[in-house]
Structures are given as C-alpha cells and as structure tokens.
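**Q** model the structure of this input:
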Amino acid sequence: MQTEKLCFKLAHGEDYRNMTPDIQRIIKDRSLKDGLLHIFVMHTTCALLLQEDEPCMVQDLLDRLGKIAPRSARNVPPTSLLYYRHDDHRVRTVNLEPKGRERINGHAHVKASFLSPFLIFWVVNGVIQLGEFQQILFFDFDDLGERRERQVSVTFISDNS
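**A** Here you go, the predicted structure:
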C-alpha cells in the first residue's frame, strides 16, 4: 500500500478543482501498475465527484445544490430557509472551533453530504480506468470566511505495492 496526501487551497468561494491531472501524476511518478486507487477528501464541507469537467454542468450542479441548501446567514430566525442548527451556537455545543473562530457553514456541510468523500478506481497497466469524459472533481462548499488548505489522501493498493 502506498499513500500520498495532496494539499491545496482553491481560489475563492464555493469552488472546484479537476484532480485528474494530480492523480495521473501520482500514478506516473510512483510507477504504479495494477491495483486499486482510493481517493479520500479529509474535510466535512468538501466532496468528490466523478463527472464531466464542463463549466455548464458544474454550474448546474452548484445551482441545484444551492436550492437544496442555500448559503448560511448569521442571526436568522429558526423559521428561515437560511437557518441551520449547525450555525446556531445557542443550540450546537459540540465540535466548536476555539476562541469564537467557528464558521457559519451549515450549508456547506449539507451540500457535501449529497456527494461522496471518496472514490475508488482501478489502475490497469499504469492507467486509471475512466470513461471518455469522466474526470475526478474535488468540490469545496465552505465559501464563507478565509480559504482553508484542503487535504486529499490518495492510496494505491496492489499485490506488489
């Protein structure tokens, strides 16, 4: 088993990154041949998706998720569509950042819950097995506050790794 961590920050707000070139580089640099590749995002407001990297599709996805989980807002009444118990610190008492640094990001947690934190692929003769238009897309839904560095774990499993 071989593992590598990728670390990066996205440029702005709710955003995504096509990770396919990063994954292909790892396979090439490590001379990986045949086995399983497990990709895991290590954050609860981020997710992975196997999909076409096409700007209109990505915007459609973000628009639909935005309708399901509209952006969080501070100090909204519990009857508002913008109210998330996660963001109400009168209700939520666990897993809080120290010194009042807790982010208002309930919407990001909900959006990430609709996608997956991991993907698994076959690598055959050093080539990741993807369909013609399939790409590995990383999404960061936490769009309020300072951008955070994100980590993705990439693990290769084979009989001879």
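
**Q** OK, contacts around Leu61?
**A** Leu61 makes contact with Leu49, Gln51, according to Cβ atoms under 8 Å, 6 or more residues apart in numbering. Yep, even glycine has a C-beta here, placed from its N, CA and C like the rest.

**Q** in the host helix or strand of it, which residues are buried?
**A** In the assignment (DSSP states H and E), Leu61 maps to helix 55-68. Neighbour-count burial for helix 55-68, counted by 16 or more other Cβ atoms under 10 Å, picks out Val58, Leu61, Leu65.

**Q** which parts of the protein are strands?
**A** 2-8, 15-18, 35-41, 46-51, 118-124, 127-128, 135-140, 150-157 (DSSP state E).

**Q** most tightly surrounded among those strands?
**A** Highest mean neighbour count among the strands of the chain (mean count of other Cβ atoms under 10 Å): strand 135-140, with a mean of 22.

**Q** which outside residues touch it?
**A** 10, 14-20, 23, 39, 41, 43, 45-53, 58, 111-112, 115, 119, 130, 150, 152.

**Q** and if we set it to 6 Å?
**A** Residues from elsewhere that reach strand 135-140, judged by Cβ atoms under 6 Å, 6 or more residues apart in numbering: 10, 15-20, 23, 46-49, 51, 53.

**Q** angle of it against strand 2-8?
**A** 50 degrees (axes from the mean of the first three to the mean of the last three Cα atoms, to 10 degrees).

**Q** report the mean confidence score over strand 135-140.
**A** Strand 135-140 shows a mean pLDDT of 98.

**Q** how far does that strand sit from the chain's center?
**A** Between the centre of strand 135-140 and the centre of its chain there are 6 Å (Cα atoms, centre = their mean, to the nearest Å).

**Q** same thing with stretch 56-67?
**A** With Cα atoms, centre = their mean, you get 15 Å for stretch 56-67.

**Q** cool, stretch 23-33 as well?
**A** Taking mean C-alpha positions (Cα atoms, centre = their mean), stretch 23-33 and its chain are 21 Å apart.

**Q** repeat for stretch 49-60
**A** Averaged C-alpha coordinates place stretch 49-60 at 14 Å from its chain's average position (Cα atoms, centre = their mean).

**Q** can you give me the end-to-end distance of it?
**A** For stretch 49-60, the first-to-last residue distance is 14 Å (Cα to Cα, to the nearest Å).

**Q** for stretch 15-31, same thing?
**A** Start-to-end, stretch 15-31 (Cα to Cα) is 31 Å.
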